[in-house]
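**Q** okay, here's the prediction I keep looking at, along with the sequence it came from:
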Amino acid sequence: MTDLAPLAERYDGLILDLDGCLWVGDRPVGGAAAAVDAWRASGRPLVFLTNDPRSAPDEVVQRLWAHGVRASLDEVVTSGVVMQEYLAERFAGCTAVVVGSQAMVRHVRLAGLRVIADVSLVPDADVVVLASHPGLADPELTWAVRAAYAGAAVVATGRDPVVPSDAGVIPGTGGVVAYVEYCSGAEAVAVGKPGAHAWRIARERLGVDGPVLAVGDRLDSDIGGAAAAGIDGALVLTGVSDTADVQAWDGAQPVAVAADLGALLLA
């Protein structure tokens, strides 16, 4: 059995990002699966927390197993899960315009909202849900702007401007948010990282009272968000933020910066 690094031994729970931490696009990060296995062997819980709004939790579990990372459904918190809980608490019974994947549409419906499918009803929407997804089309954005312009609340999964991929960064939900805010004059609430809602759910899933370590590849949403939630954050350099970003960063500092997850967690 591989021993954990002294840093990892200090914590009772682990919150792991996915994109840029366990994989980049379709490519797994080398050594990440072994690092997760070593953490599990220590008998301590972990949660996977992602701002990726495209996939349902069961799809994430399947992808984790495909990359050699053991995971169960209750260990996965996607931005869709966070969105569902947020909407259920505040907008159950309301109508929504959704910019998002079919997985996101299901989360909105499970929260007790009716998803508008008739353009004539768009101005009467109570809330606009924003989440980037492949195949994002102009009609979706137009509906979102019309509803927000008419006074609907705007809720987004996050504000990440870009996300890592095999071929380089690709636009994230932050671009969709900027478009809708600029065109409508509305201000969106972002419920994913770095927001407190995502971190609270992840912490509750861990079920520990002791210190927790969050690991991610972004200084803003991962390190800054964790710090705001009272959680130590460690940065891995396999995703968006690099050493130059660390040097220029004036926010909450990571407790550690490592080349990858294996270098961070393994002795």
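**A** Perfect, thanks for sending it. Predicted, not measured: the structure shown is a model, and the values here were computed from it.

**Q** tell me the bridge partners for Thr95.
**A** Under DSSP bridges, the beta-bridge partners of Thr95 are Arg114.

**Q** count the residues that sit near it.
**A** Using other CB atoms under 10 Å, the number of residues around Thr95 comes to 17. Bear in mind the C-beta positions are built from the backbone N, C-alpha and C, glycine included.

**Q** for Ala259, same thing?
**A** 11.

**Q** begin at 11 from here
**A** All set: I'll call the first residue 11, so the last point we hit is now Ala269.

**Q** residues contacting the residue nearest to it when sequence neighbours are not counted?
**A** Once flanking residues are discounted, Ala269 sits nearest to Leu247: 5.6 Å by CB to CB, 6 or more residues apart in numbering. Shown in contact with Leu247 (CB atoms under 8 Å, 6 or more residues apart in numbering): 227, 253, 267-270.

**Q** where do the helices sit along this structure?
**A** 16-19, 42-51, 67-76, 89-100, 112-120, 148-159, 183-194, 206-216, 235-238, 253-258, 271-275 (DSSP state H).

**Q** buried ones in the fourth one?
**A** Within helix 89-100, the residues that qualify as buried by neighbour count (16 or more other CB atoms under 10 Å) are 89-97.

**Q** number of residues surrounding the residue nearest to Gly217 when sequence neighbours are not counted?
**A** Leaving aside its sequence neighbours, Gly217 sits nearest to Pro55 (CB to CB, 6+ apart; 6.4 Å). Neighbourhood size, Pro55 [other CB under 10 Å]: 16.

**Q** for Pro55, give me its contacts.
**A** Neighbouring residues of Pro55 by CB under 8 Å, 6+ apart: 23-24, 85, 216-218.

**Q** hang on, the earlier thing: against Gln263, how distant is the residue nearest to Ala269?
**A** Separation of Leu247 from Gln263 (CB to CB, to the nearest Å) stands at 15 Å.

**Q** now Asp27
**A** Asp27 sits 18 Å away from Gln263, going by CB to CB.

**Q** try Asp22
**A** For Asp22, the distance to Gln263 - CB to CB - is 22 Å.

**Q** what do you get for Asp242?
**A** 10 Å.

**Q** higher neighbour count, those two?
**A** Asp242 (19 against 15).

**Q** pLDDT at that one, what is it?
**A** Per-residue confidence (pLDDT) for Asp242: 98.

**Q** contact partners for it?
**A** Contacts of Asp242 (CB under 8 Å, 6+ apart): 21, 221-224, 236, 265.

**Q** one more time with 6 Å
**A** 223, 265 (CB atoms under 6 Å, 6 or more residues apart in numbering).

**Q** ok so, going back, for Val165, which of the helices of the chain is the nearest?
**A** helix 89-100 (6.6 Å; CB to CB).

**Q** could I get the average pLDDT for that closest one?
**A** 97.

**Q** that one to helix 183-194, inter-axis angle?
**A** 40 degrees (axes from the mean of the first three to the mean of the last three CA atoms, to 10 degrees).

**Q** now helix 89-100 against helix 112-120, angle please.
**A** Using the same axes, to 10 degrees: helix 89-100 against helix 112-120 is 20 degrees.

**Q** any residues touching helix 89-100, and which ones?
**A** So helix 89-100 is contacted by 61, 63, 113-114, 117, 120-123, 167-168, 201-202, 207-208, 211 (CB under 6 Å, 6+ apart).

**Q** hmm, which two among those residues are most spread apart?
**A** Across those, no pair lies farther apart than Asn61 and Gly122, at 23.2 Å, counting by CB to CB.

**Q** so between the two, which is more surrounded?
**A** Here Asn61 and Gly122 are compared on neighbour count by other CB under 10 Å; more neighbours surround Asn61, at 32 against 13.
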